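Participant: Sharing a sequence plus its predicted fold:
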Amino acid sequence: MILARRVGAVVLALAAVVVWFAMAPEDRSSDISRALSEYSLNEAMTQGAPQQQVVNGWVAKDLLTIIAEQQNDVASDERLPALAGLLVIGVALHAFTSPRRSGDQAAAPFRGAESVSAPLPQDA
């Protein structure tokens with residue numbers, strides 16, 4: 001039973017690590033870098049305020065799109081439900097591999113307590 005409990009704990013720990021990293025939301029830092037580099041290139045070719053406003057609008061739209069995608073990734077993050085499922089499996093593993101108490105032990109958990117108690121004094 002102890003071996004099964006230890007093997008189960010190791011398997012659950014490895015599964016938790018795999019779930020955390022494999023199901024992580026997509027990293028958007030490359031999208032942000034791309035949007036900012038495109039902004040720099042487009043801004044260098046602008047002449048006048050109207051063109052600068054258009055370029056600023058483009059980069060704002062691109063960055064807002066990235067923010068919206070990040071929010072969708074966070075909202076649909078399935079790692080916490082998966083880890084909760086692993087927790088339930090861990091609790092079940094603990095329950096099924098715990099040593100069972102016999103009926104005699106459950107009835108008298110404090111064996112020998114009778115000899116410790118003193119008799120009550122009698123009124124004369």
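Facilitator: That came in fine, so what should we check first? Numbering: from 1, shown residues only.
Participant: Nearest residue to the middle of this protein?
Facilitator: Residue closest to the average C-alpha location in the chain (CA atoms, centre = their mean): Leu80, at 4.5 Å.
Participant: what about that residue, distance to Met45?
Facilitator: 46 Å (CB to CB, to the nearest Å). Every C-beta, even on glycine, is put in place using the N, C-alpha and C of the backbone.
Participant: could you pull out the helices for the protein?
Facilitator: Applying DSSP state H to the chain gives helices spanning 2-22, 29-44, 49-75, 79-97, 103-107.
Participant: Which among those helices is found nearest to Gln122?
Facilitator: Closest to Gln122 of those is helix 103-107 (CB to CB; 29.8 Å).
Participant: pLDDT (mean, whole number) over the closest one?
Facilitator: If you average the pLDDT over helix 103-107, you get 54.
Participant: circling back to that earlier point, Throw the helices of the chain into TSV and include distance to Gln122, thanks.
Facilitator: Listed next are those as TSV, based on distance: least, CB to CB, whole Å:
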stretch	distance to Gln122
helix 2-22	52
helix 29-44	84
helix 49-75	74
helix 79-97	49
helix 103-107	30
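Participant: Flag the shaky bits of this protein, pLDDT-wise.
Facilitator: 102-121, 123-124 (pLDDT under 70).
Participant: try 90 this time
Facilitator: 1-5, 24-28, 73-77, 96-124 (pLDDT under 90).
Participant: Torsion angles phi and psi at the closest residue to Gln70 other than its chain neighbours?
Facilitator: Computed as CB to CB, 6 or more residues apart in numbering, the closest residue to Gln70 that is not its neighbour in sequence is Arg28, at 5.5 Å. Per-residue torsions, Arg28: phi -110, psi 10 (degrees, to the nearest 10).
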